[in-house]
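**Student:** After the sequence you'll find the predicted model.
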Amino acid sequence: MKAYDASMQRVFGGGRWRELKEALLRPARACALLQSADAITLEQKWRERGFEAPLVALEDLGCVVAPEDAPRLPKPHKDLSTGFKDYYPLDLASVLCASALGVRTGETVLDIAAAPGGKSLVLAKALGSRGRLVLNDVSPSRRARLKQVLIDYLPTQKRQRTQVLGQKGAAFGSLMANTFDRVLADVPCSGDRHLLANASELERWTPRRPKLMAGRQVGILSGGLHALKPGGVLVYATCALSPLENDEVVNAAVRRCRRKFPVSVLSGEHAWQGLEGSLVKTAASADVELEETEVGQMVLPDRSAGWGPLYWCVLRKDI
Ligand SMILES: C[S@@+](CC[C@H](N)C(=O)[O-])C[C@H]1O[C@@H](n2cnc3c(N)ncnc32)[C@H](O)[C@@H]1O
């Protein structure tokens, strides 16, 4: 614990780390990513099941938010008329980050580390009625969960345009170079919220851990950048706090890839794929504070009403 605390204090400063740690120890918050139900129907159904908290619909993000102090959301429910579940519980920061990829109807999209598939559902919705979605995850057990999520949430027509693969992310450079309009690389990471809740894991923590993780992340991110078509856009994301797994991974992958093709890190309004006006306003209305880092941004729960932690950075393979 001491080594971990000391490393976080170096990143955030003592006072901020105390507040952030306290927020990370509270239960994770989820919004309802609307699937087979609309906001009004979901609110009615929840009231019938005794969930009285007032809900706010965030239309740009296709989700519904309950107040921070509301009880846990009722479990997703299978709608007998459609055969699909009504909503998927997901951190609002995750919805925002997947939406920031700016997927448009008809595009070819890769989610390179997709399971269990919360962000994939955001991408599938943005893709609409045309286009192709490739969902990859190296873990067989997590891939099985991902396939169940697709069965529970995606209409057959959409599922037919979705392919599930089990490759190592780093392999996409040789497997599918220059193929995708958009890539989401929501990579495996230290997961500080989970780490803080696990005393024995925390005792075993050493500074080597984020460094080892970073090596794997650079490989997956580089694979994703190779897999982009020239002009394509990638979002790199983690739920880790350390810059070693965030900005520094982006910088290392960009250095590596620039030996082969031009890559830009997009910042400011360019990082929002033309959606800045609506998404940033919607995020602010739900108390999300986007904190800028060297090349990306973070949503941290102490300053964002319990949402996060999530880091993301937007990159483009230039023509
Ligand atoms: C942060 S989770 C992804 C969460 C997912 N995007 C979502 O929103 O539900 C990271 C995933 O990466 C997978 N993974 C780990 N190493 C990988 C690799 N080398 N290539 C591809 N996927 C990998 C893990 O099995 C895990 O499911």
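**Tutor:** Nice, I can see it. Residues are numbered from 1 along each chain as shown.
**Student:** helices and strands around the longest helix along the chain, which ones?
**Tutor:** When the chain is scanned for its longest helix (criterion: DSSP state H), the result is helix 208-227. Under the contact definition 3 or more CB pairs under 8 Å, 6 or more residues apart in numbering; DSSP states H and E, helix 208-227 sits against helix 172-175, strand 180-186, strand 228-238, helix 247-257. C-betas here are computed from N, CA, C, even on glycine.
**Student:** How about it and the ligand, touching?
**Tutor:** Yes - in this structure, helix 208-227 sits against the ligand according to CB under 6 Å from any ligand atom; the contacting residues are Ile220.
**Student:** Can you give the distance of that helix from its chain's centre?
**Tutor:** Remark: helix 208-227 is offset 16 Å from the chain centroid, using CA atoms, centre = their mean, to the nearest Å.
**Student:** Can you list the buried residues in it?
**Tutor:** Taking 16 or more other CB atoms under 10 Å as the basis for neighbour counts, the residues of helix 208-227 that come out buried are 209-210, 213-214, 216-227.
**Student:** ok, which stretches of the protein are strands?
**Tutor:** In the chain, the segments counted as strands under DSSP state E are 31-34, 56-58, 63-65, 87-90, 108-111, 132-136, 162-165, 180-186, 228-238, 263-266, 291-292, 297-299, 310-317.
**Student:** Export these to CSV and append columns for mean neighbour count.
**Tutor:** As requested, these are arranged in CSV below (neighbours: other CB atoms under 10 Å):
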stretch, mean neighbour count
strand 31-34, 25
strand 56-58, 16
strand 63-65, 25
strand 87-90, 22
strand 108-111, 25
strand 132-136, 24
strand 162-165, 18
strand 180-186, 26
strand 228-238, 22
strand 263-266, 18
strand 291-292, 12
strand 297-299, 23
strand 310-317, 25
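**Student:** Mind checking the ones you listed for the one nearest to the ligand?
**Tutor:** With distances scored as CB to the nearest ligand atom, the stretch of the strands of the chain nearest to the ligand is strand 180-186 (3.6 Å).
**Student:** Adjacent strands (with direction) for that closest one?
**Tutor:** Strand 180-186 sits in its sheet next to strand 108-111 (parallel), strand 228-238 (parallel), going by DSSP bridges.
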